[in-house]
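**Q** Got a sequence here, can you model it:
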Amino acid sequence: MRTDRTPPTPLPTGAVGPPGDAAPPSLPSAPDQRPPAPGQNASGKTVSGQTASEEPAPGTVALCAFVAAISVALALALQLPAATTVFGLALFGLLHNVTELRYVLGRFGGVLAGPLLKLLLALCTGIVLCRAVPASELSRAAEICLAYGLLGLACRYGLRGRPMLLTGACAVLGLAAACSLANPAHHFVVLTHLHNLVPLLFLWEWSRQLARGRRLFRALQLVWVVVLPLLLLLGALDGLLAERSAETDRLSAAHTPPAWTDSPVALRFLAVFAFLQTMHYVVWVWFLPRYAPAATASFERRVPVLRGVRVWLLGLAGTVALAALFASDYATGKQLYAAVATYHAYLEFPVLLTLVLGLTAQAHTRAPTRTHADTHHTHRTHRPPPDDPHTADPRLRTSELRSGGGGTGPEPPPPDRPERDQREGRPTC
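**A** Numbering: from 1, shown residues only. Here you go, the predicted model:
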């Protein structure tokens with residue numbers, strides 16, 4: 001007995017309901033619905049800021065260049081502490097402001113964004129006004145209060161949902177603010193040196209992505225941030241230190257605790273500042289712009305008007321103007337620079353608190369929480385479109401094949417059949 005039947009149309013690869021007795025092709029597996037771990041993207045790679053991190057790792061040549069920069073900076077700080085401080089500020093002060101802000105806003109855009117950024121900018125602008133007017137006890141007290149207000153705001157953001165830690169942090173900030181208001185001169189000396197130590201935390205965070213050489217890289221940073229300054233302060237390098245002069249005494253006053261301004265220790269503090277300031281510029285002007293391109297790309301997407309070479313032109317233009325002002329009136333130039341540098345110096349504190357509190361991953365790589373609706377939507381987006389006769393509902397396709405003589409095949413149920421049946425008015429038994 002011969003039965004004429006129309007041969008079934010071959011199904012595309014991966015379709016449900018194979019013709020004839022052919023083995024059913026494997027169904028595409030559903031994507032993993034687990035959210036990525038903090039600090040990783042969907043593929044499991046570490047990310048920084050808003051984009052996946054594919055940073056070039058510093059090779060042997062870069063590490064040797066870093067060692068050479070440390071050696072040169074130390075030699076200049078020992079032999080020419082005053083000149084290194086003044087000329088370094090004139091040549092790289094505003095330029096490193098621009099590149100540092102680009103890195104921080106690019107890599108940690110999840111922290112410095114939205115209402116928090118607006119409040120931080122408002123507080124920083126208040127500090128700018130305090131620095132723009134002639135220095136007085138009132139202006140210094142106002143700057144200290146605004147600075148601790150900024151830190152308190154950063155703690156409130158970083159410790160949301162952790163009331164006990166937030167209460168403890170506020171208590172510590174209150175005690176520190178009282179000490180600063182009682183000793184404003186010590187406050188500003190500590191702030192001056194603390195700013196030069198900031199790159200250690202940023203470099204430490206950046207080095208998490210290094211697959212090899214991470215310990216060596218971090219050890220090198222500890223050498224120039226901790227070991228060498230301690231040796232200088234303890235007098236271990238006094239035999240290489242230049243003699244005191246009127247210029248060094250004048251500059252030492254801003255970088256030495258008041259009790260030691262008339263002692264030989266003042267020259268050591270100036271040498272420490274000159275060394276750390278030079279290395280500060282090395283990090284922000286050379287290393288991170290070279291080895292953190294993802295942060296640059298993220299910033300350029302956020303501020304497209306400052307793409308590419310425009311950032312460097314802006315920094316160089318500011319450098320020329322500041323150098324001319326320094327040449328004509330150093331005191332006025334220093335005051336103007338201190339006011340302009342407020343933004344880059346204080347906007348990094350919320351990020352630093354985030355790093356210290358161990359909340360970096362939650363702050364700038366927080367993965368969105370998947371709801372039941374999101375999971376249901378994911379299943380739908382990976383289901384074949386219903387208007388394609390070859391990829392329609394597997395049950396409908398199987399009945400077509402049975403009625404048409406195209407053979408029978410297994411009927412793999414979709415993972416969300418009860419929900420879809422309920423949506424289409426079918427019984428959900």
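**Q** Counting neighbours, show which residues of stretch 321-341 come out buried.
**A** Across stretch 321-341, burial judged by 16 or more other CB atoms under 10 Å covers L322, A323, L325, F326, G333, K334, Q335, L336, Y337, A339, V340, A341. Quick note: C-beta positions are derived from backbone N, CA and C, even for glycine.
**Q** Same check on stretch 220-227?
**A** Those would be L220, Q221, W224, V225, for stretch 220-227 by 16+ other CB under 10 Å.
**Q** C-alpha coordinates for it, PDB please?
**A** Coordinates of each C-alpha in stretch 220-227 appear next as PDB, following Å, rounded to 0.1, in the frame of the first residue of the first chain:
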ATOM      1  CA  LEU A 220      57.600  49.000  44.100                       C
ATOM      2  CA  GLN A 221      54.900  51.400  45.000                       C
ATOM      3  CA  LEU A 222      55.400  50.800  48.700                       C
ATOM      4  CA  VAL A 223      59.100  51.600  48.200                       C
ATOM      5  CA  TRP A 224      58.500  55.100  46.900                       C
ATOM      6  CA  VAL A 225      55.400  55.900  49.000                       C
ATOM      7  CA  VAL A 226      56.400  54.500  52.400                       C
ATOM      8  CA  VAL A 227      60.000  53.300  52.600                       C
END
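**Q** May I see the buried residues of stretch 321-341 arranged in JSON lines, with secondary structure as well?
**A** Compiled in JSON lines, the buried residues of stretch 321-341 are given as follows (DSSP: H, G, I helix; E, B strand; the rest coil):
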{"residue": "L322", "secondary structure": "helix"}
{"residue": "A323", "secondary structure": "helix"}
{"residue": "L325", "secondary structure": "helix"}
{"residue": "F326", "secondary structure": "helix"}
{"residue": "G333", "secondary structure": "helix"}
{"residue": "K334", "secondary structure": "helix"}
{"residue": "Q335", "secondary structure": "helix"}
{"residue": "L336", "secondary structure": "helix"}
{"residue": "Y337", "secondary structure": "helix"}
{"residue": "A339", "secondary structure": "helix"}
{"residue": "V340", "secondary structure": "helix"}
{"residue": "A341", "secondary structure": "coil"}
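**Q** Those: which two are farthest apart?
**A** Pairwise distances across the buried residues of stretch 321-341 peak at 17.1 Å for A323 and A339 (criterion: CB to CB).
**Q** Where do the helices of the stretch 201-350 of the chain begin and end?
**A** When secondary structure is read from DSSP state H, counting those that start in this stretch, the stretch 201-350 of the chain shows helices at 214-222, 228-233, 246-252, 265-281, 288-291, 293-302, 309-328, 330-340, 342-346, 348-356.
**Q** With respect to A178, which of the ones you listed lies nearest?
**A** Closest among the helices of the stretch 201-350 of the chain, using CB to CB: helix 348-356, at 18.8 Å.
**Q** Does anything pack onto the closest one? Which helices or strands?
**A** Counting contacts by 3 or more CB pairs under 8 Å, 6 or more residues apart in numbering; DSSP states H and E, helix 348-356 packs against helix 81-107, helix 137-158, helix 184-206, helix 360-364.
**Q** and with 10 Å instead?
**A** helix 81-107, helix 114-132, helix 137-158, helix 184-206, helix 360-364 (3 or more CB pairs under 10 Å, 6 or more residues apart in numbering; DSSP states H and E).
**Q** what is the orientation angle of the longest one with helix 330-340?
**A** Regarding helix 81-107 and helix 330-340, their directions subtend 20 degrees when assessed with axes from the mean of the first three to the mean of the last three CA atoms, to 10 degrees.
**Q** now swap in the third one and tell me
**A** What separates the directions of helix 137-158 and helix 330-340 is an angle of 30 degrees, with the same axes, to 10 degrees.
**Q** Count residues in the vicinity of V189, would you?
**A** 21 (other CB atoms under 10 Å).
**Q** cool, A242 as well?
**A** Residues within reach of A242, counting by other CB under 10 Å, total 16.
**Q** Apart from its neighbours in sequence, what residue is nearest it?
**A** What sits nearest to A242 in space, not counting adjacent residues and going by CB to CB, 6 or more residues apart in numbering, is Q79, at 5.3 Å.
**Q** how close does the one you found sit to E243?
**A** Here the criterion is CB to CB, to the nearest Å. By it, Q79 lies 10 Å from E243.
**Q** Please identify which of the two sits among more neighbours.
**A** Q79 (13 against 6).
**Q** Since that was my last question, I'll sign off now.
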